[in-house]
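J.: Next comes the sequence, and after it the predicted model I'd like to discuss.
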Amino acid sequence: MRILMLTWEYPPFIVGGLGMACYGLFRGLSSLGVTVDFILPVKEDVYFEIKSSDEADHPRIKSENGEEAKEQKKPLEFFKVMYEIPEEGAYASLKAFIVEVSKSLGVPSREPKLQVPDEVISRLKYLLLQGNHMISKVSLYTEKVLRIAQRLSFDLIHAHDWLTYPAGLMLKKYFNKPLVSHIHATEFDRALGFGHPIIHEIEYLGLNYADRVIAVSRYTANIIKEHYFVPEEKVRVVYNAYYAETKSSQKIKKFKEPVVLFLGRLTPQKGPTIFLELAKKVLERTKKVRFLVAGAGEMERELMLWASSLGYGAHIMFTGFLKRAEVERALSLADIVIMPSPSEPFGIVALEAMHFGCALILSKQSGASEIVKSAYVVDYWDVDKMVDIVLELINKPELLKAKQEEARREVQTFRWEDRAREVLEVYRELLS
Amino acid sequence: MKVYIIFYFQVHQPFRIAPYSFFDIGTGKSYFDEDLNRAVFNKVSDRCYIPANNLFKELILESEGRFKISFSLTGTFIEQAKLYRPDVYQSFVDLWQTGGVELLSETYYHSLASIFDLEEFVEQVDEHIKLMKREFGHEATVFRNTELIYFDKLSDVLINFPNLQTILIEGADRILMGESPLYPRWSANHAHLLLLKHYKLSDDIAFRFSDRSWPEWPLTIPKYVRWVKDLTLAEGQGRNLYLGLFMDYETFGEHQWAESGIFEFMRHLIRALLKEPMIDFLFPSEALKTLNFTPKTLSVPTPTSWADTERDLSAWLSNPLQWNAMKSIFDLLRLAKEKGRWDLVPTIRKLTTSDHFYYMCIKYFQDGDVHKYFSPYPSPEVAYKYFLNIIADLEEQLED
């Protein structure tokens, strides 16, 4: 079986969790005998191929005509998309948006062999001409995919997140192959509500005109059913899993006090303000703890001003942007990791934190909380409850230790091979 | 009636901190950026200290002592001069030995201890007085606080040092309420004579000299001399006038580059002023004995300084990053003293230097204004992060 994967990230081109998820999934699939070809947004006209799981770390780089590209003289150049939260949506409400979209495009039928109508293709082409810098990158990528795909043979298209949906839909139309749209995060998560109308529309089309949709959690599946009216029978939930890159994940003690860590982009979606609220309330009760905000993002100044105004000296610290190796060091010296996201489709950081032996508090509004049993699961707004948990863990070192060991053990049960089998099942449904 | 010109120059270098990341905590990495501090010191030495010292020495000698200036040399400056440029140190010693220089007292570390910890303030002043005695054999009688920060309470605290009779302060509009900065005042408690900076004529040299958008540019010798002489027009009672020209020593060659002609301007300006019979140069300590009138009392309930257009503490304490960092370092210093960790005290004191907090100032940073120009860090947030990491490292050491 040969799958053409469309994704925006793959190590070392990583911005967020998407790259980590694709790495795990592709590696898992290749271990089951699936050949994975994938196209990344790099400037050079190349695609990548993984035939066996040991190639996942260094996929073959192939030129357009299918030959293995010679030793790259210089590193591939990646075109990044910087997501920005829209100031204001063009539509007054989600309802207005859906009404508008279904008026122009109709509601997709529920027939089993769903075709992509011409109007949808011309609508996509129109959307890709809407000159903002994010969309123009997507447009570039779509052209690149269409060019390269002509030379490739594949049984099925698997597209990851909205950035690749236009390319996925066009391939489906032109090559008449089944399309699986994988949703790792919706625009509702990123914007914490209604976001860019163009992105919403692309998500709507990409999910509704796909043959199957894979959501990374029940939480996300519910969002797309509720807001994009994706029919239940088309949606499958496949959770993320974890491949340990480092074998030894020894804990490092940097401070005498326990360290409570927030790790993620400093953007409203990840809930850093909730973390600071928690820090404030815990520090009112005890100073025997340090809070660490790790990551960069548009909220950095605002968060630093707030944190410093609490006057707790170096008990609330900021690291700025962390490189990959530094992320691992931060996790190995953290005792407790909080993921207070108000809307998190999955949250792969949670699994990583478990690997490094961190006790976890997850927001109920995260996909990871559906499967991680060793974590404390709390509504993201219930700061007081998080405070009680943190205080208890600080005051009972043996409990903290037990929780950390439990996490370390549990993460080993989240295996990408199992997830890949579930995805393979989806492929078989479509190809039989 | 005389116009007395009092030149005062601030000579200071901070120990700038290293890019100290979170992961450097506990590694024993040095807090201070040795290479950067040496590079800055060398640059400023070559552009400013050496040529300016040579110029002023020449003027003092050729005027046979009629031309006079005063300096405050901070402890951190002296340490760096000895460490990086012994020739610069020697050059200041030579200048001092001409007899045309008065040395003032200030906090050894150029800190805001006067705002956060008065006991520490007294200790830092004492340390500086001892330094001046040791290095120059000089017993200071004039005080000037970090960046000319002054408020009534400061004079009360300085009573601890009976030798100190005079304090230099900013002639800020809001304390003078429209009155002239040319007349010295008594402090609110009448313990000290206050000499005021004439910020218009000081800043004409320090800030505007090479500013081509300034309507008075180019500043010529006759123009400036006339401005000085015109000061007497408003004085009808024959009282002596005290013109405080207080500025950063780096004005010469660093803020105003040599190419702007600042050195030649100063050379010819001083010579021209010396020719005016009604104008004399004065050491700050000589103001007291030349008074021919009884000074008024001046109350300064809240701190003034010479920094930024606000002339208050906002350059160092206008956002919570600065407050949290400054409060933490003084807390840490108290703790170190309580625990008797005298091995750490000098290092912590170097972190009380006001410059560290100046780099965290947000209010003007975007405009590429002076804060940005002087900062070795890409942003106030970065300066804050490094500083806080160092504090965390020190806290760990103090817990041992």
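T.: That came through fine. Numbers count the residues shown, from 1 in each chain, chains lettered A, B, ... in the order given.
J.: Could you tell me which residues of chain B lie near chain A?
T.: B:21-23, B:25-26, B:319-321, B:323-325, B:327-328, B:331, B:362, B:381-382, B:384-385, B:388-389, B:391-392, B:395-396, B:399 (CB under 8 Å from any CB of the partner chain). Bear in mind the C-beta positions are built from the backbone N, C-alpha and C, glycine included.
J.: Those residues in helices, which ones?
T.: B:320-321, B:323-325, B:327-328, B:331, B:381-382, B:384-385, B:388-389, B:391-392, B:395-396, B:399 (DSSP state H).
J.: how deep is the residue in the stretch 51-200 of chain B that chain A sits nearest to tucked in, by neighbour count?
T.: The stretch 51-200 of chain B approaches chain A most closely through residue B:116 (13.0 Å), counting by CB to the nearest CB. Residue B:116 sits with 18 neighbouring residues when counted by other CB atoms under 10 Å in any protein chain shown.
J.: on that earlier part again, what subset of the residues of chain B next to chain A is buried?
T.: B:21-23, B:25, B:319-321, B:323-325, B:327-328, B:331, B:362, B:381-382, B:384-385, B:388-389, B:391-392, B:395-396 (16 or more other CB atoms under 10 Å in any protein chain shown).
J.: domain ranges for chain B?
T.: B:3-298, B:317-399 (automatic domain parsing).
J.: pLDDT value on residue 70, please?
T.: You didn't pick a chain, so chain A it is. With respect to pLDDT, residue A:70 has a value of 67.
J.: I was after chain B.
T.: 98.
J.: got a list of what it touches?
T.: B:6, B:7, B:8, B:9, B:101, B:102, B:103, B:104, B:142, B:283, B:284 (CB atoms under 8 Å, 6 or more residues apart in numbering or on different chains).
J.: Pick the one among these closest to residue A:256.
T.: Set against residue A:256, the nearest of the contacts of residue B:70 by CB to CB is residue B:104 (43.8 Å).
J.: Quick check: closest non-adjacent residue to that closest one.
T.: residue B:72 (4.3 Å; CB to CB, 6 or more residues apart in numbering or on different chains).
J.: in stretch A:259-278, what counts as buried?
T.: A:259-278.
J.: Of the residues you listed, which are in range of chain B?
T.: Counting by CB under 8 Å from any CB, no member of those is near chain B.
J.: So which of those belong to helices?
T.: A:272, A:273, A:274, A:275, A:276, A:277, A:278.
J.: and the fourth one, what does it touch?
T.: Under the criterion of CB under 8 Å, 6+ apart, the neighbours of residue A:275 are A:262, A:291, A:293, A:338, A:340.
J.: Quick check: the second one is in a strand.
T.: By that I understand residue A:291. Yes. According to DSSP: H, G, I helix; E, B strand; the rest coil, residue A:291 belongs to a strand.
J.: Spatially nearest residue to it, not counting backbone neighbours?
T.: Leaving aside its chain neighbours, residue A:291 sits nearest to residue A:279 (4.0 Å; criterion: CB to CB, 6+ apart).
J.: OK, contacts around the one you found?
T.: Per CB under 8 Å, 6+ apart, neighbours of residue A:279: A:260, A:291, A:307, A:310, A:312, A:315, A:316.
J.: Let's see the pLDDT reported for residue B:22.
T.: Reported pLDDT for residue B:22: 96.
J.: ditto for residue A:10
T.: Looking at residue A:10, the pLDDT reads 93.
J.: Contacts only, for it.
T.: Residue A:10 neighbours (CB under 8 Å, 6+ apart): A:19, A:22, A:23, A:26, A:38, A:40, A:48, A:59.
J.: which SSE is the fourth one in?
T.: Just to be clear, that refers to residue A:26. Taking DSSP states H and E as the criterion, residue A:26 maps to helix A:17-31.
J.: Quick check: next helix or strand after that helix?
T.: In N-to-C order, the element after helix A:17-31 by DSSP H and E is strand A:35-39.
J.: hang on, residue B:56 packs against residue B:69?
T.: Yes. Between residue B:56 and residue B:69 a contact is recorded at 5.8 Å, counting by CB atoms under 8 Å.
J.: anything in contact with each of those two?
T.: When contacts are counted by CB under 8 Å, 6+ apart, residue B:56 and residue B:69 have residue B:100 as shared neighbours.
J.: List the neighbouring strands of the helix or strand hosting the residue nearest to residue B:104 plus their orientation.
T.: Here residue B:72 sits within strand B:69-73, counting by DSSP H and E. When pairing is defined by DSSP bridges, strand B:69-73 lines up against strand B:3-11 (parallel), strand B:101-103 (parallel).
J.: Let me have the ones you listed in TSV, extended by mean pLDDT.
T.: Formatted as TSV, these follow (pLDDT from 0 to 100):
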stretch	mean pLDDT
strand B:3-11	98
strand B:101-103	98
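J.: possible to save those as CSV with mean neighbour count?
T.: Shown next, in CSV, are the strands paired with strand B:69-73 (neighbours: other CB atoms under 10 Å in any protein chain shown):
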stretch, mean neighbour count
strand B:3-11, 23
strand B:101-103, 22
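J.: burial count for the closest residue in space to residue B:116 that isn't next to it in sequence?
T.: Leaving out its chain neighbours, the residue that sits closest to residue B:116 by CB to CB, 6+ apart is residue B:330, at 4.3 Å. Using other CB under 10 Å, residue B:330 is surrounded by 19 other residues.
J.: contacting residues for residue B:330?
T.: B:113, B:116, B:117, B:120, B:352 are the contacts of residue B:330 under CB under 8 Å, 6+ apart.
J.: Make JSON lines from those residues and add pLDDT and secondary structure to it.
T.: Output for the contacts of residue B:330, formatted as JSON lines (pLDDT from 0 to 100; DSSP: H, G, I helix; E, B strand; the rest coil):
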{"residue": "B:113", "pLDDT": "97", "secondary structure": "helix"}
{"residue": "B:116", "pLDDT": "95", "secondary structure": "helix"}
{"residue": "B:117", "pLDDT": "97", "secondary structure": "coil"}
{"residue": "B:120", "pLDDT": "98", "secondary structure": "helix"}
{"residue": "B:352", "pLDDT": "98", "secondary structure": "coil"}
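J.: Let me see the ranges of the strands in the stretch 51-200 of chain A.
T.: A:60-63, A:156-160, A:179-183 (DSSP state E, counting those that start in this stretch).
J.: Can you point out the buried residues in the first one?
T.: Within strand A:60-63, the residues scored as buried using 16+ other CB under 10 Å are A:61, A:62.
J.: got it, and stretch B:23-40?
T.: B:23, B:24, B:25, B:31, B:32, B:33, B:37, B:40.
J.: Tell me the one among the residues you listed nearest to residue B:83.
T.: residue B:37 (8.6 Å).
J.: need the strands for chain B, in chain order.
T.: B:3-11, B:69-73, B:101-103, B:142-144, B:166-170, B:185-187, B:193-197, B:241-248, B:252-253, B:256-257, B:279-281, B:297-298 (DSSP state E).
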